Every structure is written in structure tokens, then in C-alpha cells.
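Asker: Turn this into a model:
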Amino acid sequence: MEYQKIFERFEKPQGFIKTTVTSSMDGGTKAALNRKGNVLFNTGDIEGARRIFLTTGYSDGLSRVGDYYKAQGKPLDALRMYWIAPDRTKADPLIQQLSEIIRCFINEGAVDE
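Answerer: Numbers count the residues shown, from 1 in each chain. As a prediction, the model looks like this:
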């Protein structure tokens, strides 16, 4: 499958895209990258840490990046990190909040008609 062609359809590469391609990196490399990602996160380079955690599939790191995004008022970015992590205990409340917002918009549109 040509992933490049699939991803070209999306304007922003940060969209809700999850692939099932597994990493072929060994445990030592993965651990070293996760440590580097933790250092980046702790020094404030959240985007650098995010890229590493996405590469390695480090769920705790992804969840912490999601917490950061949530604190910054970016619930969709936070939801994406929680979903990929997967951290349903943090994703589910955001899904509930977003569904309430959508429900309000739908109900508002029904009243105007």
C-alpha cells in the first residue's frame, strides 16, 4: 500500500490518522528514544517529544502530551493523543464533551428552522 498517496489527501498531517504498521525497532532503540522523548517533554519541546512518542508508540508519553494539549485548550489534539495511546479513561470524557457540543449545535439548528 502506498501510504504517501493516502496521506496526501489530508491537509494537515496531524489529523486523526492511525496506521497499523508496526515498528521494527528493537527494544533498546525504543527505550533510548523514549528516554530522549521524556527529556524533550520535560524541557518543553512538546512537539519533539510527540514525534518520538508517536514513532515508538509510547502510550504513557502520548497520554502526557494529550494532558499538555488539554491544558493548552486544544481538546481535539488531546483527544488524538489519548486515542492513539490508547487511554480511554481520558478520551471518553472529551468525547462526551464534544458530543454535547455537537448536540447543542444540532438542536440550535432545529429551532431555527
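Asker: Enumerate the positions of the top helix by length along the chain that are buried.
Answerer: In the chain, with assignment by DSSP state H, the single longest helix is helix 88-112. Buried residues in helix 88-112, counting neighbours by 16 or more other Cβ atoms under 10 Å, are found at 90, 91, 94. Quick note: C-beta positions are derived from backbone N, CA and C, even for glycine.
Asker: export the residues you listed to JSON lines and tack on distance to residue 81 and pLDDT?
Answerer: Output for the buried residues of helix 88-112, formatted as JSON lines (distance: Cβ to Cβ, whole Å; pLDDT from 0 to 100):
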{"residue": "90", "distance to residue 81": "9", "pLDDT": "95"}
{"residue": "91", "distance to residue 81": "9", "pLDDT": "95"}
{"residue": "94", "distance to residue 81": "10", "pLDDT": "93"}
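Asker: Let me know the closest of these to residue 35.
Answerer: Top of the list for closeness to residue 35, among those and by Cβ to Cβ, is residue 90 at 23.3 Å.
Asker: wait, doesn't that closest one sit right on residue 82?
Answerer: Yes. At 4.5 Å, residue 90 counts as touching residue 82 under the criterion of Cβ atoms under 8 Å.
Asker: Quick check: neighbours shared by these two?
Answerer: 63, 66 (Cβ atoms under 8 Å, 6 or more residues apart in numbering).
Asker: coming back round to it: other residues contacting the longest helix of the chain?
Answerer: Contacting residues not belonging to helix 88-112 are listed as 63, 66, 67, 70, 75, 76, 78, 79, 82, 83 [Cβ under 8 Å, 6+ apart].
Asker: For the strand or helix carrying residue 65, buried residues please.
Answerer: In the assignment (DSSP states H and E), residue 65 maps to helix 59-71. Residues of helix 59-71 classed as buried by neighbour count (16+ other Cβ under 10 Å): 61, 62, 63, 64, 65, 66, 68, 69, 70.
Asker: Right, I'll leave it there.
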